[in-house]
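[1] Quick one, structure for this:
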Amino acid sequence: MAIHQILRRSSSSEKRSVEVPKGHLAVYVGQNEKKRFVIPLSYLNHPSFQELLFHAEEEFGFHHPMGGLTIPCSEYLLADLTSRLSRT
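    A predicted model of the protein is given here:
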């Protein structure tokens, strides 16, 4: 249920930002300066990504000031995860 609240808020804010292709979601990662990644929605069902979403909920709750989903991890970690997921 929590993931639906995050996605609902992110998708409504996203309309004010640069368009995201259908079936994708904008996420922001990084320690100090946030970098925007556009990922397929299908990644959200993967257990590794679910763990990142759990950490995002713990750290930010359901408020994501960047307009998209903010995930508390490094750019390298997200790039590595999305690279592995794209090969499956």
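[2] low-confidence ranges in this protein?
    1-17, 62-67 (pLDDT under 70).
[3] ranges for the strands of it?
    24-29, 35-40, 69-70 (DSSP state E).
[4] Rebuild those as JSON lines, extending it with distance to Glu59.
    C-betas here are computed from N, CA, C, even on glycine. Shown next, in JSON lines, are the strands of the chain (distance: least, CB to CB, whole Å):
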{"stretch": "strand 24-29", "distance to Glu59": "12"}
{"stretch": "strand 35-40", "distance to Glu59": "17"}
{"stretch": "strand 69-70", "distance to Glu59": "8"}
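[5] and among those strands, the most buried is which?
    Burial of these is given as mean neighbour count (mean count of other CB atoms under 10 Å); strand 69-70 ranks first at a mean of 22.
[6] any idea how far Leu69 is from the residue nearest to the spatial centre of the chain?
    Among the residues of the chain, Val27 comes closest to the average C-alpha position under CA atoms, centre = their mean, at 3.4 Å. Val27 sits 5 Å away from Leu69, going by CB to CB, to the nearest Å.
[7] rewinding a little: among the strands of the chain, single out whichever gets nearest to Arg84.
    Closest of the strands of the chain to Arg84 is strand 35-40, at 12.5 Å (criterion: CB to CB).
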